[in-house]
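Engineer: Attaching a predicted model along with its sequence, questions to come.
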Amino acid sequence: MTKKSDLREGIVGEKKTLPWVGVLRFHIHEDDTLKIALTGIVLVKENYCITNANDVAKISHSKFTRETKAMFIIKDNETWSSAVLSYMMHPEYEFSTYNTIALVELAEHYEAELKPICWPEYNYNTSNNLYAVGYTDENQFLEKIIYKVQYIEQKLCNEFYNRIGLKNNLNIPTHYFCAFAKNNKKNCVWENGMALVSNTTGPWTLIGFGVKGPGCAGPSRFIDISKYLPWIESSTDTMLY
């Protein structure tokens, strides 16, 4: 568990704060070109992370194990990385939605400073301590970024997406919350893999997992992680090397 800590919003740099949020670095081969891509991850169990299923679907399993790294900032200005063994898509991927989770198994045991985030209990109350946490390369290198966010009713969220024309059913998560960055002063884009977290009860707890959205000031969709906990528990006991 991660102890409660004070946060400031915005880009916080290469800080050890909230070490369980990281990035997955992988290669995408398109014709004769090679592209390096990143997507967000969250350590949810010993040696297991969740990530966006549609992002890892772009990589074959054989290339995934050879060309992919998981990276976390565990101390100020100090990163820890691990190769990966495998990934597993949630069964609803492609059948119900593209925006669901996948599990990634790390090849190396994580460092002492890196502990999994806590999972939500039934009817977990987030109060007003709700944050979206992830990474940005706005300054040409990876830094952590934090937004204080506020829930918005799902009905209003859906009306917003319909109004701007983003209503493709396969891009809508099966179970999700909506929230927006209440203090945001500039335009920005939500990327896949932002963690929706709360420290209302002290330890940091994972509430949702973000999907790419229209912008920080607009309502963003976060996959309701509580609906996937039984699958995470059963899958991490059976994933093969």
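Structural biologist: Thanks, I have the structure now. Numbering: from 1, shown residues only.
Engineer: Closest to the mean position in the chain, which residue would that be?
Structural biologist: residue 193 (2.7 Å; C-alpha atoms, centre = their mean).
Engineer: residues touching that one, list them.
Structural biologist: Listed by C-beta atoms under 8 Å, 6 or more residues apart in numbering, the contact set of residue 193 reads 23, 24, 39, 40, 41, 42, 51, 52, 55, 134, 209, 210. The C-beta positions use only the backbone N, C-alpha and C, and glycine is treated the same way.
Engineer: and if we set it to 7 Å?
Structural biologist: Residue 193 is in contact with 39, 40, 41, 51, 52, 134, 210, counting by C-beta atoms under 7 Å, 6 or more residues apart in numbering.
Engineer: Give me the subset of those residues lying in strands.
Structural biologist: Among the contacts of residue 193, the members falling in strands (DSSP state E) are 39, 40, 41, 51, 52, 134, 210.
Engineer: my read: the second one touches residue 132, true?
Structural biologist: Read that as residue 40. No - shown here, residue 40 and residue 132 do not form a contact pair, counting by C-beta atoms under 7 Å, at 10.4 Å.
Engineer: quick check: longest helix of the chain.
Structural biologist: If you go by DSSP state H, the chain has its longest helix at helix 154-163.
Engineer: Which strands and helices lie in contact with the helix or strand of the chain with the lowest mean pLDDT?
Structural biologist: Comparing helices and strands within the chain by mean pLDDT, DSSP states H and E singles out helix 61-67 as the least confident, with a mean of 76. If contacts are counted by 3 or more C-beta pairs under 7 Å, 6 or more residues apart in numbering; DSSP states H and E, helix 61-67 sits against strand 21-30, strand 78-89.
Engineer: so where do the helices sit in the chain?
Structural biologist: Using DSSP H, helices in the chain cover 53-56, 61-67, 154-163, 229-236.
Engineer: Against residue 68, how distant is the residue nearest to residue 35 when sequence neighbours are not counted?
Structural biologist: Leaving out its chain neighbours, the residue that sits closest to residue 35 by C-beta to C-beta, 6 or more residues apart in numbering is residue 28, at 4.6 Å. Using C-beta to C-beta, to the nearest Å, one gets 11 Å for the distance from residue 28 to residue 68.
Engineer: ok, these two, which is more surrounded?
Structural biologist: Set side by side, residue 28 and residue 68 show unequal neighbour counts under other C-beta atoms under 10 Å, the larger going to residue 68 at 20 against 14.
Engineer: Pretty sure that one sits against residue 24.
Structural biologist: Yes - in this structure, residue 68 is within contact of residue 24 by C-beta under 7 Å, at 6.4 Å.
Engineer: how distant is the longest helix of the chain from the center of its chain?
Structural biologist: Relative to the mean C-alpha coordinate of its chain, helix 154-163 is positioned 22 Å out (C-alpha atoms, centre = their mean, to the nearest Å).
Engineer: Same question for stretch 191-203.
Structural biologist: Stretch 191-203 sits 9 Å away from the centroid of its parent chain (C-alpha atoms, centre = their mean).
Engineer: Then stretch 214-229?
Structural biologist: Averaged over its C-alpha atoms, stretch 214-229 has a centre that lies 10 Å from its chain's centre (C-alpha atoms, centre = their mean).
Engineer: and it, how far apart are its ends?
Structural biologist: Criterion C-alpha to C-alpha, to the nearest Å; first-to-last residue distance in stretch 214-229 is 27 Å.
Engineer: Buried ones in that stretch, by neighbour count?
Structural biologist: Counting neighbours by 16 or more other C-beta atoms under 10 Å, one finds that the buried residues in stretch 214-229 are 215, 216, 218, 219, 220, 221, 222, 223, 224, 225, 226, 228.
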